[in-house]
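S.K.: Could you work out the structure for the sequence below:
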Amino acid sequence: MYDACRQRVWAYATARAGRQIADEVVSETFAIAWRRIRDVPEPALPWLLGVARNVLRDGHRADARREAFAQELVRHAPGPAGDVAEHVAERLGVLRALAALAEDDREVLILTAWQGLAPRDAARVLGCSKTAFRVRLHRARRRLQQAIEQDEPGQRPATAAPRQRATAARRRAPK
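M.R.: The predicted structure follows:
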């Protein structure tokens, strides 16, 4: 089935979403087919194309949810205090660093920093133990700090944590 249909499913996904996404769609389509092998009718191609269509649709929905979430965050962001230019530069640096992180790291940081969840509750959301969540949070914070330092080398002390740097920057800002 894979050899007979892979190229046609890939062509369908490429026509709908482009080459970059097509390989992922084909992989997901055949993974679903493998899990539901008893449900695959003969001939398999129409069923596989329907699955590929659903995979593409689910991807578009996920993108729309992420975009809506980003817009919601922007709308609820607190206004700047002190020197606006410094605040904007700091915020942009943190947002760029956050965007450079893997989705899993962003999720861990968002659950604790923006949603205000305790590690116990955030671990429940992610379906892992509290200890595993704390390890993931520690690693995500470290990667965020590294991304911030790479974004503006020499501008921030390497030993200060992101929150400490933001607090220090606010104290230095003329009022």
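
S.K.: remind me which residues of this structure are low pLDDT?
M.R.: 77-84, 87, 152-175 (pLDDT under 70).

S.K.: Pull the contacting residues for Arg106.
M.R.: Contacts for Arg106 (Cβ atoms under 8 Å, 6 or more residues apart in numbering) come out as 98, 140. Backbone N, C-alpha and C define where each C-beta goes, glycine included.

S.K.: Could you look up the SS state of it?
M.R.: For Arg106, the assignment made with DSSP: H, G, I helix; E, B strand; the rest coil gives helix.

S.K.: For Val125, give me its contacts.
M.R.: Applying Cβ under 8 Å, 6+ apart, the residues contacting Val125 are 111, 117.

S.K.: what's the answer for Leu144, then?
M.R.: By Cβ under 8 Å, 6+ apart, the contact set of Leu144 is 94, 97-98, 101, 105, 109, 162.

S.K.: please redo it, this time with the cut-off set to 6 Å
M.R.: Applying Cβ atoms under 6 Å, 6 or more residues apart in numbering to Leu144 gives the contacts Ala97.

S.K.: just to confirm, which helix or strand has it in it?
M.R.: Counting by DSSP states H and E, the element that carries Leu144 is helix 130-151.
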